[in-house]
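Asks: One predicted model, sequence on top.
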Amino acid sequence: MVKSELEQGIIDALEAVAPEHGMDIVDVELTGATKAPCVRVRIDRADGAGITLDEVTAQSRWVSDVVEGLDPVPGAYTLEVSSPGMARPLRRPSDFARFVGSDVELTTTAVEGRRRFSGSLVEADERTATLELEDGERVSFPYGEIKKCTLKPVFDFKGGKGGK
């Protein structure tokens, strides 16, 4: 995945400490304007079980300490620590392998004039991720060319209480 040097530096620092806390660093993103930057850190439990809001709150202290120690942005910034959410970003080959069979949205460097792809993640190895598009075509993407990839949320309105 293509990350800025600053984002990758924050990821590396957090990943060095995360195992001590039983956490996985899902993604780090630097967003916002120069006058109001935001460092967004998405975390999850390392055991693969979903993280709760209380757990996110409990983990925020050490995340804040690590990010503050780096002093990544001159001046003031906002630090957001959250769960990966339904549109979970995929960053590492292991993330892609874990979610083979899931539908994803992917943005890449231009491939034949096209940058955005949507489809089912059908294969993932150490070098590439392969999507099957709606028309049945399979396209493989080297991780170094993927700018962003997120799971497509699945909404099941029929599965709730009393659903028909």
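Replies: Received it, and whenever you're ready, just let me know what you need.
Asks: what about the lowest-mean-pLDDT helix or strand in the chain, distance to the chain center?
Replies: For the chain, using mean pLDDT, DSSP states H and E, the weakest element among its helices and strands is strand 103-111, scoring a mean of 88. Here the centre of strand 103-111 is set off from its chain's centre by 14 Å, with CA atoms, centre = their mean, to the nearest Å.
Asks: now the angle from the helix or strand following that strand to strand 103-111?
Replies: Helices and strands here follow DSSP states H and E; after strand 103-111, the next one along the chain is strand 114-124. Strand 114-124 runs at 130 degrees relative to strand 103-111, counting by axes from the mean of the first three to the mean of the last three CA atoms, to 10 degrees.
Asks: strands paired with strand 114-124, and their directions?
Replies: When pairs are called by DSSP bridges, strand 114-124 turns out to pair with strand 103-111 (antiparallel), strand 128-133 (antiparallel).
Asks: Kindly report the domain assignment for this structure.
Replies: Listed by automatic domain parsing, the domain ranges of the chain are 5-82, 93-151.
Asks: Residues contacting stretch 74-81, please?
Replies: For stretch 74-81, the external contacting residues (CB atoms under 8 Å, 6 or more residues apart in numbering) are 32, 36-41, 43, 56, 59-60, 63-64, 67. Placement of C-beta: from N, CA and C, glycine included.
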